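**Student:** The following block contains a protein sequence and its predicted model.
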Amino acid sequence: MNSDYKEVFGLEGPLARALPGYAYRPEQAAMAKAVGLALARLEPLIVEAGTGTGKTFAYLVPALLSGRSVIISTGTRTLQDQLFRRDVPLLAKALGLPAKIALLKGRANYLCRHRLELATQQGSLLGGERGVARVLARVSRWAAATKSGDLSELTDLPEQSALWPSITSTRENCLGQECPQFARCHVFEARRNAQAADIVVVNHHLLLADLALKDEGFGDLLPGAEAVILDEAHQVPDIAAQFFGETWSVRQLQLLLRDIGAELIAAGVRAPSINAAVGALETLLEEMRSTLQRGAGRHEWAQLPDAFLDVLPELETAISEIASQLEGLGAGAGVSNCARRAATLANSLASLRELSDDTGLRWVDANPNGLLLQYTPFEVAERLREYVESRPCAWVFTSATLAIGEDFSHFATRVGLPEARTLQIESPFDYRDQARIFLPPQMPEPQSPAFAARFIEACAPLLEASGGRAFLLYTSYRALAEGVRALQARFPNPAFPVLVQGEAPREALLNRFRELGNAVLLATGSFWEGVDVKGEALCIVAIDKLPFASPDDPLLKARLEGIRRRGGNPFFEYQLPQAVLALKQGVGRLIRDFDDFGVIVIGDPRLKTKAYGRVFLDALPASPVTTDGAAAAQFLAERLGQVRPARALASQAT
């Protein structure tokens, strides 16, 4: 079927007939051919597809035509829903291939009927949320009508609601076949649908949980698959590290203690000794928290106070004793499950305490909602390699940012596939015509107190020329706050609306940005990728500094230490490549369509003053580079001037 891809994607083909405004892209057909070959040979493939390639269709077409059972994994639920609800059905219809499609999310996205019953019976135990009875009544009405049990249908129930964990299950509290609601379980129904489907759409968290066998409810998802396609694959190594590590949380324990109370009441059992043990355990938790003098933040294991470490074995013993008491009650499936969960939490805590610091990094993450005890292995590549090689199926990794220049070795090594076939598809966009790269001259060093104001000063002529229409992207929250103050000082009465990350949810801010058409959005991390604003609403993407990860991040420390221990160079093997890929992601927000245009601003002088700056510059789009702010502003003014008369003529014609 590989020879037919040009016919499928050609202007006389089924896609052109089915899709209004369809345009043939040779890059898309080339990627489809490579994916089709990987599927036919059951081989791994790594593809970097430049923005505008149309990579989604480029892997979906061969997936559908292959006749194989395929898992498609995404980095975001937004793309997951788009694939399931729009892209796969549309292509299947256009190609005349009736395919069974299933959407599978993690169990925390599905209503648990048993836990809803418990929550309804024990509403007073939930606490912490006003009007909980009213919300529960609304959930119950929806529960009676829903077919999928997918909580995204409940649009007015925020994900941060305290009710959420009370109406969903976890691997630990799921009763499995012992559950009185098992025959109507939404999680197992979703899994059954997935096992019977030709195309299953999941996300990376679920896929990697399955790989790591961290959720027995989905542990049999992969064996039936003949191909796994991972979109937004640049996220995979970091997510994998979470699943191949160990985590123990106070939140898990608190939820268990609450469930013990609910299950005992539901079973009609009075157990004063267990209630006393639960109270003693809560006292120990408070004692443990009080030993962390610095409070919120991340604490490395070696720096934890002795008082904190001394509480851990006491906690472990207390949890084990509660497990034994619960098991001895013989009070039904719910109470027995709580006993198993308690034993698991005690064993997990013991495991974390005994782990060797030779293979990974341990630390404590303290926040207002609780404490997380975590362990991250130095390397996950070998584990990933084992999983890929143990399953005879095609593995396709694709993203717009996987290579450093033309070199894929950084990503390929991180996923344990250094010998995998690679393919780089250039963007079809004409960056030489559509964009300019502005490097402001004479910028102070990034750590200088004057940097934030100088960066805004460098951007000011462009903002004036475009009348706003900008993303100002920062590498840290502190830099973002300084940038907001600098913008307010430079533009006390701006001629454009100003939006700041944190003022509203991410999607609401993006929608507002698109609607306003001339806003300036100041943001950090989460706006560097997965953000799509087409048209003249976005004409400037300005990035303050090169996005090197914070050296205080325990995950980063673990990886750097792992590289050091095997004799490598952490900066050149990890920190530099990761920063280059992050910069490519941020820069990629600007040109999203063939008619888009604009200026990329990078304020960091290290692009010119450091030898490694050349690595960043070589990774940027092939646009003309200028250090002349007036020239960059003129480019914007001219391009906007061309758009406005054309739009005026179009509106007159209608």
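**Tutor:** The structure has been received and is ready for your questions.
**Student:** okay, now A346: neighbour count?
**Tutor:** 22 (other CB atoms under 10 Å). For glycine as for every other residue, the C-beta is placed from the backbone atoms N, C-alpha and C.
**Student:** for R383, helix, strand, or coil?
**Tutor:** Secondary structure of R383, reduced to three states by DSSP: H, G, I helix; E, B strand; the rest coil: helix.
**Student:** Leaving out sequence neighbours, find the closest residue to it.
**Tutor:** Closest residue to R383 apart from its sequence neighbours, by CB to CB, 6 or more residues apart in numbering: F244 at 5.2 Å.
**Student:** Distance of the one you found relative to R565?
**Tutor:** Computed with CB to CB, to the nearest Å, the distance linking F244 and R565 is 17 Å.
**Student:** re the thing from before, thought the residue nearest to R383 was touching P377?
**Tutor:** Yes. Between F244 and P377 there is a contact at 5.6 Å, judged by CB atoms under 8 Å.
**Student:** Now for these two: what residues contact both?
**Tutor:** R383 (CB atoms under 8 Å, 6 or more residues apart in numbering).
**Student:** Can you give me the neighbour number for the residue nearest to R383?
**Tutor:** Taking other CB under 10 Å as the definition, F244 ends up with a neighbour count of 21.
**Student:** which stretches of this structure have low pLDDT?
**Tutor:** When the per-residue scores of the chain are filtered using pLDDT under 70, the ranges that remain are 1-4, 123-131, 158-160, 212-223, 293-295, 643-654.
**Student:** got the domain boundaries for it?
**Tutor:** The record's domain parsing of the chain by automatic domain parsing lists 2-100+197-243+381-425, 107-188, 246-377, 431-647.
**Student:** what's the span of the second one, first residue to last?
**Tutor:** Across domain 107-188, the terminal residues are separated by 9 Å (CA to CA, to the nearest Å).
**Student:** where along the stretch 251-400 of the chain do the strands fall?
**Tutor:** Read by DSSP state E, counting those that start in this stretch, the stretch 251-400 of the chain holds these strands, from start to end of the chain: 297-300, 360-367, 370-377, 394-399.
**Student:** Quick one: closest of these to L65.
**Tutor:** Ranking those by their distance to L65 (criterion: CB to CB) puts strand 394-399 first, at 13.5 Å.
**Student:** C-terminal to the closest one, which secondary structure element comes first?
**Tutor:** The element immediately downstream of strand 394-399 (helix or strand, assigned by DSSP states H and E) is helix 409-414.
**Student:** Can you tell me what sits against that next one?
**Tutor:** Applying CB under 8 Å, 6+ apart, the set of residues contacting helix 409-414 from outside is 46, 233-234, 237, 380-381, 397, 402-404, 418-420, 422, 573-574, 577-578, 581.
**Student:** Could you rerun that using 7 Å?
**Tutor:** Surrounding helix 409-414, the residues in contact under the criterion CB atoms under 7 Å, 6 or more residues apart in numbering are 46, 237, 381, 402, 404, 418, 420, 422, 577.
**Student:** Make CSV out of those and add neighbour count and distance to F527.
**Tutor:** Listed next are these as CSV, based on neighbours: other CB atoms under 10 Å; distance: CB to CB, whole Å:
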residue, neighbour count, distance to F527
I46, 24, 26
P237, 19, 22
A381, 17, 29
L402, 23, 21
I404, 20, 23
P418, 13, 32
A420, 19, 31
T422, 21, 29
P577, 21, 22
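**Student:** sorry, back to before: my guess is the residue nearest to R383 contacts E379, does it?
**Tutor:** No. In this structure, F244 sits apart from E379 without contact. The criterion is CB atoms under 7 Å, and the distance is 9.2 Å.
**Student:** which SS class is Q424?
**Tutor:** Under three-state DSSP, the three-state class of Q424 is strand.
**Student:** hey, what's it bridged with?
**Tutor:** With DSSP bridges applied, Q424 shows beta-bridge pairing to E48.
**Student:** Run a quick neighbour tally on it.
**Tutor:** Around Q424 there are 15 other residues, counting by other CB under 10 Å.
**Student:** Tell me who's in contact with it.
**Tutor:** Contacts for Q424 (CB under 7 Å, 6+ apart) come out as 48, 403, 406.
**Student:** What of A266?
**Tutor:** A266 makes contacts with 118, 121, 334, as judged by CB under 7 Å, 6+ apart.
**Student:** out of these, which are buried?
**Tutor:** In the contacts of A266, burial by neighbour count holds for 118, 334, counting by 16 or more other CB atoms under 10 Å.
**Student:** possible to save the contacts of A266 as CSV with distance to I71?
**Tutor:** As requested, the contacts of A266 are exported to CSV (distance: CB to CB, whole Å):
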residue, distance to I71
L118, 33
Q121, 38
G334, 33
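**Student:** Just the contacts of A266: which are in helices?
**Tutor:** Using DSSP state H to define helices, the subset of the contacts of A266 located there is 118, 121, 334.
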